[in-house]
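J.: Curious how this folds, go ahead:
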Amino acid sequence: MIKKSLGGTLLPAIILTMFNAMAVEPPAPYGAIPTERQLAWHELEYYGFIHFTINTFTGKEWGYGDESLDLFNPSELDVTQWVRVAKEAGMKGLILTCKHHDGFTLWPSKYTEHSIKNTPYKNGKGDIVGDLAAACKEAGLTFGVYLSPWDRNHAEYGRPAYVEYFRNQLRELLTNYGTIQEVWFDGANGGDGYYGGARETRKIDRSSYYDWENTWAIVRKLQPGAIMFSDIGPDIRWVGNEKGFAGDPCWATYTPHGVEPGLAPAPGMVKYKEGVNGHADGEQWLPAEVDVSIRPGWFYHEDQNEKVRTPENLLNLYYQSVGRGASLLLNIPPDPRGLIHEKDVESLMGLRALLDATFDVNLAAKAAVTATNTRGKDPQFAAANLLDGNTNTYWATDDGMTTASVIVELDGLQTFNNVLLQEYIALGQRVREFSVDAWVDGAWKQIAKGTSIGWKRILQTESITTTKVRLNINAAAACPTISTLELYAGPTG
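T.: Purely as a prediction, here's the structure:
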């Protein structure tokens, strides 16, 4: 009977039990961790903002809400040009200002007459939201919507009826235009406006007026994969400035704090400057989105054509956003023709050339690597995972081992000036302090150091020529999980 059992079903069960007993478990998650939708957002890194509305034709940044609809009539509007430029620039998606503070809608909303449907454009048959959504889908770009909570045109703004109007428009955008990757809620709320002809100032209680929990629930129901932005999330946070930089460090975890003790945080009612750095042990996974314009203004103004950011300036923004674990949301406003202006295109392509010249060749791709500690001595957590180009594999140490090093033996003498690191963030942001050394003149020389790594950290260094590099994890809140170490040589001079 025993031999029969061993030869039948019992032996495989014993082997499986023994295998499971020997298998090394992955590290337990630490602190706040990202959702699947947040992980997908992290992979985008660089995408575009399209500010285009009736303001484009009035020269204003914030329309008052009483603008004549006859003004909106772009002569050469081509959303495929927007998408082509964005894709060639290296962007992975676009977000459109479907309704800015002036209340004008770029889609034929059935809830308002202050809409593209009452303009000369396409004899009132235009739908720029629909056109851009379709063009993004065709090109493989993600599509997001900006819907201003403030509306300086609507007669009921500041009263309960407006909130239902706002939600109805949100439902239109989330049900009629396919997959929405991001929903962008601005923190600017309340003030002077047209308000159906009242022409007065209306103030709201930002902490309660929009009933954000129930407004967010509409997004969760209709577009469960969509990321929501505001200065308190709930998925990604404002970085706290519009200058184009994240802090150093920029932690992906964050605890929003109200502007006064005892006052709950809300969009437009938060200590937003804390978003620049985040918090090392924040209560929520709320990584930073860096929103910045390629021009001084958010909307196109002809007198700013000579003030478009240079490729070199844009590259610096890239290092200070993507290079610090945040995303870069770069605004590229179409002109009154309905096209991305030639000056903007030139700078965008210049940035793409610089990025390609820097990050096309990973000089550590053919290296060998060893570690001072590997979790359970298990190959699935080996240091070789740092070099395999897969962000879902990682080097990890034993529990309690919060300091460790890896040595990367390069394929001969290599010269680089960029070090790229990534944590396996699905298990949380764990590293608190690290340094990078290079073997120079027969000794280790520190060439970079930092605190936060997170999704991605790019450290610019002096030009280093060496045969080996060492990454030191000097402090961590839990055993480190590092997915990537890459070396690049960017243009110099």
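J.: can we go C-alpha only for contacts and neighbour counts from here?
T.: Fine.
J.: residue boundaries of the strands in the stretch 251-400 of the chain?
T.: Ranges of strands within the stretch 251-400 of the chain are 253-254, 284-285, 288-293, 327-331, 368-371, 395-396, based on DSSP state E, counting those that start in this stretch.
J.: Dump these to TSV, plus distance to Q460.
T.: Listed next are those as TSV, based on distance: least, CA to CA, whole Å:
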stretch	distance to Q460
strand 253-254	24
strand 284-285	26
strand 288-293	20
strand 327-331	18
strand 368-371	22
strand 395-396	23
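J.: between these, which gets nearest to G126?
T.: strand 327-331 (22.9 Å; CA to CA).
J.: Show me what that closest one is packed against.
T.: In terms of contacts (3 or more CA pairs under 8 Å, 6 or more residues apart in numbering; DSSP states H and E), strand 327-331 is packed against strand 46-50, strand 288-293, helix 311-321.
J.: any chance of these in JSON lines, plus distance to D151?
T.: Compiled in JSON lines, those are given as follows (distance: least, CA to CA, whole Å):
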{"stretch": "strand 46-50", "distance to D151": "19"}
{"stretch": "strand 288-293", "distance to D151": "21"}
{"stretch": "helix 311-321", "distance to D151": "31"}
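J.: I'd assumed R206 was in contact with G191.
T.: No: contact between G191 and R206 fails when scored by CA atoms under 8 Å: they sit 11.8 Å apart.
J.: more neighbours, these two?
T.: Set side by side, G191 and R206 show more neighbours around R206, with 18 against 14, by other CA atoms under 10 Å.
J.: Give me the distance between that one and N189.
T.: 7 Å (CA to CA, to the nearest Å).
J.: so what's in contact with these two at the same time?
T.: Shared contacts of R206 and N189, defined by CA atoms under 8 Å, 6 or more residues apart in numbering, comprise G268.
J.: Which parts of this structure belong to which domain?
T.: Domain assignment for the chain by automatic domain parsing gives 36-359, 368-488.
J.: So what's the gap between the first one and the chain middle?
T.: Using CA atoms, centre = their mean, to the nearest Å, the mean C-alpha position of domain 36-359 is found 12 Å from that of the whole chain.
J.: For it, give the mean pLDDT please.
T.: For domain 36-359, mean pLDDT rounds to 97.
J.: mind listing what the most centrally placed residue in the chain touches?
T.: Taking CA atoms, centre = their mean, the centroid of the chain lies closest to S327, which sits 3.4 Å from it. Applying CA under 8 Å, 6+ apart to S327 gives the contacts 42, 44-46, 288-290, 321.
J.: Highest neighbour count among these?
T.: A288 (34 neighbours).
J.: Run through the bridge partners of that residue.
T.: R237 (DSSP bridges).
J.: ok, and E433, which helix or strand is that part of?
T.: Using DSSP states H and E, the element containing E433 is strand 431-440.
J.: now the end-to-end length of stretch 282-294.
T.: For stretch 282-294, the first-to-last residue distance is 31 Å (CA to CA).
J.: no, scratch that, I was asking about stretch 276-289
T.: Terminal residues of stretch 276-289 lie 10 Å apart, using CA to CA.
J.: Buried deepest among the helices and strands packed on strand 327-331, which one?
T.: Most buried of these, by mean neighbour count (mean count of other CA atoms under 10 Å): strand 288-293, with a mean of 26.
J.: and it, what other elements does it pack with?
T.: Helices and strands touching strand 288-293, by 3+ CA pairs under 8 Å, 6+ apart, are strand 236-238, strand 327-331.
J.: sorry, back to before: what's the closest of the helices and strands packed on strand 327-331 to P27?
T.: For P27, the closest of those is strand 288-293, at 25.4 Å, according to CA to CA.
J.: and the angle for the closest one with strand 327-331?
T.: 20 degrees (axes from the mean of the first three to the mean of the last three CA atoms, to 10 degrees).
J.: now the angle from strand 288-293 to helix 311-321?
T.: Using the same axes, to 10 degrees: strand 288-293 against helix 311-321 is 160 degrees.
J.: Going forward, count from 784.
T.: Yep, numbering from 784; the last one is strand 1071-1076 now.
J.: Show me the contact partners of strand 1071-1076.
T.: For strand 1071-1076, contacts defined as CA under 8 Å, 6+ apart pick out 1019-1022, 1024-1029, 1033, 1035, 1058-1059, 1104, 1108-1115.
J.: Can you go through the residues you listed and name the buried ones?
T.: Among the contacts of strand 1071-1076, those scoring as buried are 1019-1022, 1027-1029, 1033, 1035, 1058-1059, 1104, 1108-1115 (criterion: 16 or more other CA atoms under 10 Å).
J.: quick one on the thing from earlier: what's the closest of the domains of the chain to V807?
T.: Among those, domain 1151-1271 sits nearest to V807 (CA to CA), with 6.1 Å.
J.: Span of the closest one from start to end?
T.: Distance across domain 1151-1271, first residue to last, is 16 Å (CA to CA).
J.: same question, stretch 1005-1015
T.: From its first residue to its last, stretch 1005-1015 covers 21 Å (CA to CA).
J.: And for stretch 1048-1056?
T.: Its first and final residues considered, stretch 1048-1056 spans 13 Å by CA to CA.
J.: That one: which residues count as buried?
T.: Those would be 1048-1055, for stretch 1048-1056 by 16+ other CA under 10 Å.
J.: Go through stretch 1000-1020 and flag the buried ones.
T.: Residues 1001-1002, 1005-1006, 1008-1020 are the ones in stretch 1000-1020 that count as buried (16+ other CA under 10 Å).
J.: Cross these against strands and list the overlap.
T.: Judged by DSSP state E, the subset of these located in strands is 1010-1013, 1019-1020.
J.: which ones are touching T1244?
T.: 1200-1202, 1230-1231.
J.: How far off centre is whichever helix or strand it is part of?
T.: Applying DSSP H and E as the criterion places T1244 in strand 1240-1259. Centre-to-centre, strand 1240-1259 and its host chain are 25 Å apart (CA atoms, centre = their mean).
J.: before we move on, the earlier item: want to throw the ones in strands among the buried residues of stretch 1000-1020 into TSV with distance to E1192?
T.: Converted to TSV, those look like this (distance: CA to CA, whole Å):
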residue	distance to E1192
I1010	40
M1011	43
F1012	42
S1013	44
I1019	38
R1020	39
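J.: Closest to D849 out of the residues you listed?
T.: Checking these against D849 by CA to CA gives S1013 as the nearest, at 26.8 Å.
J.: I'd assumed G1023 was in contact with the closest one.
T.: No: assessed by CA under 8 Å, S1013 is found out of contact with G1023, at 10.4 Å.
J.: what ranges do the helices span in the chain?
T.: Ranges of helices in the chain, per DSSP state H, are 785-790, 793-805, 819-827, 838-841, 862-872, 911-922, 943-959, 995-1005, 1094-1104, 1125-1142.
J.: Serialize those helices to a markdown table and add fields for distance to T1186.
T.: Compiled in a markdown table, the helices of the chain are given as follows (distance: least, CA to CA, whole Å):
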| stretch | distance to T1186 |
| --- | --- |
| helix 785-790 | 46 |
| helix 793-805 | 25 |
| helix 819-827 | 26 |
| helix 838-841 | 54 |
| helix 862-872 | 40 |
| helix 911-922 | 45 |
| helix 943-959 | 47 |
| helix 995-1005 | 40 |
| helix 1094-1104 | 27 |
| helix 1125-1142 | 29 |
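J.: Cool, thanks, talk later.
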